[in-house]
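Student: The following comprises the amino acid sequence and a computationally predicted model.
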Amino acid sequence: MNLTKYLKLFGFLIVLGPLVSCNVNNKLYNVNDFGAVGDSTIINTKAIQSAIDACSKNGGGTVLISKGIYISGTVLLKNNVTLHIDENSKLVGSSNPIDYQSIDTFIDATGQERGTCLIGAMNAKNIGIVGKGIIDGNGAAFLQKNLIQKMKTLGIEETKNFGKNRPFLLRFVKSSKINLKDITLKQAAAWACHFYQSNSIIVNNITIYNHANKNNDGIDLDSSHDAVITHCNINSEDDAICIKSTSPLPTYNVKIDNCNLKSDWGAIKFGTESMGDFYNIDIRNSKVYDTKGGGIKILSVDGANIHNITIDSIEMNNVDMPIFIRLGERLRTYRDSEIQPVGSITDIKISNVNAVTRSLEHSRVNPPTGIFITGTPNHKIGTINLENIKIKLPGGGLKANVVEVLEDEKKYPEFTFFGVLPAYGIYGRHIENLNIGTTTFNIATKDERKSIIFDDVESHVIDRSKLKAIINE
């Protein structure tokens, strides 16, 4: 299905239609004409920014980077500008933190200062980054040992602030009509692509490889809305695609389709920064593979009300904890916002999931569990619908493995912290309504734990006769 048909199918054409062409004005601005040199040594920040400024001032068009490797610090896109990076061309982030600027600086859930970026946009409209070239964040330069060496080279005295705010690769703040297409994003010092309080977003056919540093997310939609992400390949050290809200504003009207995701932490994730609500989010027809920290993770811990979420037709292979849903009471705040009341999770539909978990020796929790859903004693999860879920597990659980499953309402919401669960298939607690259709758990070896355990689940619907016949114990 092409992008236009996809947008029509989900009713996004009116909102996002102008982005299919991105810019009516096709005037071309070559960065070389503004003094940029693609020799992999010269810092081209001023030249590239001058090309962008001239393009926007004259009504918009395309800024072209071609024939070379261009080093740069922070450049900011302006209204009606599309940055085109030609095939076999590369834009590389400077190794010097001084070459970057921070826009809308904030502190994330890990306590780290964020805001710098290689390419940014603030209050910009009708912008894009396209082409078959590469944007490389040079993230390894911001590892602590490399920063120390850089300070010595520059003759800078030791300071804790040097390189503290590690650059994102792309960062869009309070911007709209954003188009990313065909580009390859590599090796950021932090997140690869961050949309904050932005809207009318199309991300199509991009590739992300992000393993140069820590907290290397792929795509983060943060208090943003009206976004379509299709046909993307993401391989990240941290979350691959993350729905979050570091402000009380919601993230909503999101469509994700036909993506291939690999992560060392979580592939499809909601949270953990979760002040604003998440709703009207549709994720389907995607593959998750070789993922160490969770396939689907839906987490409300800072006050988000999560509802009207559909996740359908997901293939997972070699994945820790295929489905993890957590309502918690951490209630962290960001950007000097007021603390939110405890949120909610309801009207979640997950269907047609075929998953194979990681082996015993490679599972972060050994032995693993397929599905873990938990609210808290005072704040139950609402309605969860699971249909046609098939999960292959290694088994091997012993009764002696099982530990008490603590509540830990205020703790960081990670399934590994709960330890070995008492059920290998589904462990669910503090839930109002849990509806389970056809569900299959295949275990490779005997597991002494129960297949399903519910604790404080007010209402559940399961076809017991069918379930009993299809669990291979």
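Tutor: Received, thanks.

Student: Beyond the helix or strand of the chain with the lowest mean pLDDT, next helix or strand please.
Tutor: Within the chain, judged by mean pLDDT, DSSP states H and E, the helix or strand with the poorest mean is helix 13-16; its value is a mean of 40. Using DSSP states H and E, the helix or strand that follows helix 13-16 in sequence is strand 28-30.

Student: outside of the helix or strand that that next one is followed by, which residues touch it?
Tutor: Next helix or strand after strand 28-30 toward the C-terminus (DSSP H and E): strand 39-43. Strand 39-43 is contacted by residues 36, 68, 69, 71, 72, 73, 92, 94, 99 when judged by CB atoms under 8 Å, 6 or more residues apart in numbering. (Glycine included, C-beta is placed from N, CA and C.)

Student: could you redo the last one with a cut-off of 7 Å?
Tutor: 68, 69, 71, 72, 73, 94, 99 (CB atoms under 7 Å, 6 or more residues apart in numbering).

Student: now, which of those residues sits nearest residue 173?
Tutor: Nearest to residue 173 among those is residue 73, at 17.5 Å by CB to CB.

Student: can you pull the pLDDT of that closest one?
Tutor: For residue 73, the pLDDT comes out at 98.

Student: For it, give me its contacts.
Tutor: 43, 45, 94, 99, 100.

Student: tally of neighbours for the fourth one?
Tutor: Right, residue 99. 17 (other CB atoms under 10 Å).

Student: so what's the backbone phi/psi at it?
Tutor: Backbone torsions for residue 99, taken as degrees, to the nearest 10, come to phi -80, psi 0.

Student: from memory it sits against residue 45, does it?
Tutor: Yes: applying CB atoms under 7 Å as the test, residue 99 and residue 45 come out as touching, 6.2 Å apart.

Student: ok, what's across the strand from residue 309?
Tutor: residue 281, residue 348 (DSSP bridges).

Student: Pull the contacting residues for it.
Tutor: 281, 298, 348.

Student: Now the helix or strand hosting residue 234: buried residues?
Tutor: If you go by DSSP H and E, residue 234 is part of strand 233-236. Buried positions in strand 233-236, judged by neighbour count with 16 or more other CB atoms under 10 Å: 233, 234, 235, 236.

Student: and what of stretch 350-360?
Tutor: 350, 351, 353, 354, 355, 356, 357, 358, 360.

Student: List the contacts of residue 300.
Tutor: The contact partners of residue 300, by CB under 7 Å, 6+ apart, come to 271, 274, 306, 327, 343, 344, 345.

Student: The nearest residue to it once chain neighbours are set aside - how many residues pack around it?
Tutor: Using CB to CB, 6 or more residues apart in numbering and skipping residues adjacent in sequence, the residue nearest residue 300 is residue 343, 4.2 Å away. By other CB under 10 Å, 25 other residues sit near residue 343.

Student: If you count neighbours, what's buried in stretch 165-176?
Tutor: Residues of stretch 165-176 classed as buried: 165, 166, 167, 168, 169, 170, 171, 172, 173, 174, 175, 176 (neighbour count, 16+ other CB under 10 Å).

Student: between these, which is closest to residue 219?
Tutor: residue 170 (9.3 Å).

Student: just checking, that closest one is part of a helix?
Tutor: No: according to DSSP: H, G, I helix; E, B strand; the rest coil, residue 170 belongs to no helix; its state is strand.

Student: Now it. Nearest residue, chain neighbours left out?
Tutor: Using CB to CB, 6+ apart, the closest residue to residue 170 is residue 193 (4.6 Å).

Student: returning to that earlier point: so of the contacts of residue 300, which ones are in strands?
Tutor: Within those, residues falling in strands by DSSP state E are 271, 274, 306, 327, 344, 345.

Student: related to what we said a few turns ago, in TSV, list the contacts of strand 39-43 along with secondary structure and distance to residue 187.
Tutor: Output for the contacts of strand 39-43, formatted as TSV (DSSP: H, G, I helix; E, B strand; the rest coil; distance: CB to CB, whole Å):
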residue	secondary structure	distance to residue 187
68	coil	19
69	strand	14
71	strand	14
72	strand	15
73	coil	16
94	coil	13
99	helix	16
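
Student: how about JSON lines for those, with distance to residue 141 added?
Tutor: Below are these laid out as JSON lines (distance: CB to CB, whole Å):
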{"residue": "68", "distance to residue 141": "20"}
{"residue": "69", "distance to residue 141": "15"}
{"residue": "71", "distance to residue 141": "11"}
{"residue": "72", "distance to residue 141": "13"}
{"residue": "73", "distance to residue 141": "12"}
{"residue": "94", "distance to residue 141": "8"}
{"residue": "99", "distance to residue 141": "11"}
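
Student: circling back to that earlier point, thought the residue nearest to residue 170 was touching residue 178?
Tutor: No: using CB under 7 Å, residue 193 makes no contact with residue 178, being 10.2 Å away.

Student: If you count surrounding residues, which of those two has more?
Tutor: Counted by other CB under 10 Å, residue 193 and residue 178 do not tie: residue 193 has more neighbours, with 30 against 27.

Student: where's residue 459 relative to residue 377, distance?
Tutor: 17 Å (CB to CB, to the nearest Å).

Student: Thanks a lot, catch you later.
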